[in-house]
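Chemist: with the input below, show me the fold.
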Amino acid sequence: MKDILVVEDHPLVAEATARLLEQRVADINVVTVGNASDALRVIDLSRGRWFRILLDLTVPGAFGLSLAKQIVARELAPVCCVVSACDRDDYVQQLRAWGFMGYVAKSLPVEALTARLADVMRGIGTFPSTLPAARVAGIRLTARQIETLEGVQRGMSSRQIAAQMHLAEGTVNNQMAALMQLLHAESRSHAVAKAISLGLLDAATTESPVP
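Modeler: Numbering: from 1, shown residues only. Below is the predicted model:
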């Protein structure tokens, strides 16, 4: 059974989201909460429990990206997708840099919204395609994102990187997928090259992969 947390303050929207997920994804348990404090309380009861977190940025007790920052601090960004009516490119940019799975606008048509959520459930990152590629030059990477890219740079597999960082292999794969989207890269090695070209990663001599 996969546990999914929906953080949404509008009861009808929360209920509709839960029903939609249950119709589309097998063997899931959807938990809904309506404010920031309840979300963090539920998350802290068992951080390793959550298969996916769907997060509205504007629930009571959250201001701007404050709740998203708490998700990052708990190292849950790779399983979290923002679903929000707040349509700001700077928020999208920052969430991508933090390693979130995606950002889905509530204003999308129902079919498009359903398709985006289905991608998230399958582990496919999704962000608005309208963000200008030129803005990638202004991104910042977290320490964990840099460590992940450094592992790829040294020729390490996701399993080896996960062991080094004390993370699940799936978390590393999700983070790598987010990095590829963030850097507009076509492969893991391309992501490393882009990060080096943007000055986000040191072009040091690669080391042998960990056995």
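
Chemist: okay, CA-based contacts and neighbour counts for the rest of this
Modeler: Noted.

Chemist: residue 6 - that's part of a helix, no?
Modeler: No - judged by DSSP: H, G, I helix; E, B strand; the rest coil, residue 6 forms no part of a helix; its state is strand.

Chemist: show me this protein divided up by domain.
Modeler: Following automatic domain parsing, one finds the domains of the chain at 2-131, 136-197.

Chemist: lowest average confidence across these, which one?
Modeler: When these are ranked by mean pLDDT, domain 136-197 comes last with a mean of 86.

Chemist: so residue 32, which of the three states?
Modeler: strand.

Chemist: that one contacts residue 8, correct?
Modeler: Yes - here residue 32 reaches residue 8: they are 7.0 Å apart, a contact under Cα atoms under 8 Å.

Chemist: ok but residue 57 is inside a strand, no?
Modeler: No - read with three-state DSSP, residue 57 is coil and lies in no strand.

Chemist: check contacts around it.
Modeler: Contacts for residue 57 were tallied using Cα atoms under 8 Å, 6 or more residues apart in numbering; they are 63-65, 67-68, 82-84, 86.

Chemist: quick check on the closest residue to residue 98 other than its chain neighbours: phi, psi?
Modeler: Once flanking residues are discounted, residue 98 sits nearest to residue 142: 6.3 Å by Cα to Cα, 6 or more residues apart in numbering. Taking degrees, to the nearest 10, you get phi -80, psi 170 for the backbone angles of residue 142.

Chemist: now do the strands in the protein.
Modeler: 2-7, 28-33, 50-55, 80-84, 102-105 (DSSP state E).

Chemist: of these, give the one that comes closest to residue 189.
Modeler: strand 102-105 (21.7 Å; Cα to Cα).

Chemist: stretch 49-62: which residues count as buried?
Modeler: Buried residues in stretch 49-62, counted by 16 or more other Cα atoms under 10 Å: 50-59.

Chemist: and the residue nearest to residue 28 when sequence neighbours are not counted, how many neighbours?
Modeler: Once flanking residues are discounted, residue 28 sits nearest to residue 2: 4.5 Å by Cα to Cα, 6+ apart. For residue 2, the count of nearby residues is 13 (other Cα atoms under 10 Å).

Chemist: my guess is residue 2 contacts residue 22. True?
Modeler: No - contact between residue 2 and residue 22 fails when scored by Cα under 8 Å: they sit 10.9 Å apart.

Chemist: beta partners for residue 4?
Modeler: Beta bridges link residue 4 to residue 30, residue 52, judged by DSSP bridges.

Chemist: any idea how far it is from residue 22?
Modeler: Residue 4 sits at a distance of 10 Å from residue 22 (criterion: Cα to Cα, to the nearest Å).

Chemist: please apply the same query to residue 139.
Modeler: 36 Å.

Chemist: picking up where we left off before, looking at the buried residues of stretch 49-62, spot the one nearest residue 180.
Modeler: Closest to residue 180 out of those is residue 52 (19.8 Å), distances taken as Cα to Cα.

Chemist: touching, that closest one and residue 79? I think so.
Modeler: Yes - with contact defined as Cα under 8 Å, residue 52 reaches residue 79; the gap is 4.9 Å.

Chemist: that older thread, residues that sit against both of residue 2 and residue 22, list them.
Modeler: Common neighbours of residue 2 and residue 22 (Cα under 8 Å, 6+ apart) are 28-29.
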